[in-house]
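Student: no letters, just coordinates:
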């Protein structure tokens, strides 16, 4: 469901996307409205689901996670979809999961320390799940860019 946003909402979002820690009073000054109005608008954006939270982005390589991979998971039976999603959500190396079309049913993104860690994660943690029939793993050699959605286009 699309939410109707005005120019000020878009401006607020652009500031928060660039820096989720930007003080509300600074956003208010930039938008030319009161701090109370910024609080109200951000609350409205949060309650409507436009803002789903904020988080700190870390560099996995600097934490020793040198391998990024994507795994397409094919299920044994579509009835096991929810159970499998629940189980993969407990694999700490997996940071994203998507229902997909094409080859497979679910695609996950994960970070591992090295290829050996990746192999053990695939075989011991993913392929061992009851609902998983097979996997196809692609290793990311280098992330070229990462950016938030450009909602103003």
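Tutor: Nice, I can see it. Source: prediction; values computed, not measured.
Student: count the neighbours of the residue nearest to residue 75 when sequence neighbours are not counted for me.
Tutor: Excluding its sequence neighbours, the residue lying closest to residue 75 (C-beta to C-beta, 6 or more residues apart in numbering) is residue 105, at 4.7 Å. Glycine gets a C-beta too; all of them are placed from N, C-alpha and C. Per other C-beta atoms under 10 Å, the neighbour tally for residue 105 reads 21.
Student: state the distance from residue 105 to residue 94.
Tutor: 15 Å (C-beta to C-beta, to the nearest Å).
Student: ditto for residue 132
Tutor: On the measure of C-beta to C-beta, residue 132 and residue 94 end up 13 Å apart.
Student: would you confirm that residue 137 contacts residue 70?
Tutor: Yes. Residue 137 is within contact range of residue 70, at 7.3 Å (criterion: C-beta atoms under 8 Å).
Student: and the helix or strand hosting residue 70, what does it pack against?
Tutor: In the assignment (DSSP states H and E), residue 70 maps to strand 67-75. Judged by 3 or more C-beta pairs under 8 Å, 6 or more residues apart in numbering; DSSP states H and E, the packing partners of strand 67-75 are helix 81-88, strand 106-112, helix 115-120, strand 132-140.
Student: not counting it itself, show me its contacts.
Tutor: 60, 81, 84, 88, 100, 103-115, 117-118, 122, 126, 131-140, 143 (C-beta atoms under 8 Å, 6 or more residues apart in numbering).
Student: angle of it against strand 132-140?
Tutor: 160 degrees (axes from the mean of the first three to the mean of the last three C-alpha atoms, to 10 degrees).
Student: strand partners (parallel or antiparallel) of strand 67-75?
Tutor: Applying DSSP bridges, strand 67-75 is found paired with strand 106-112 (antiparallel), strand 132-140 (antiparallel).
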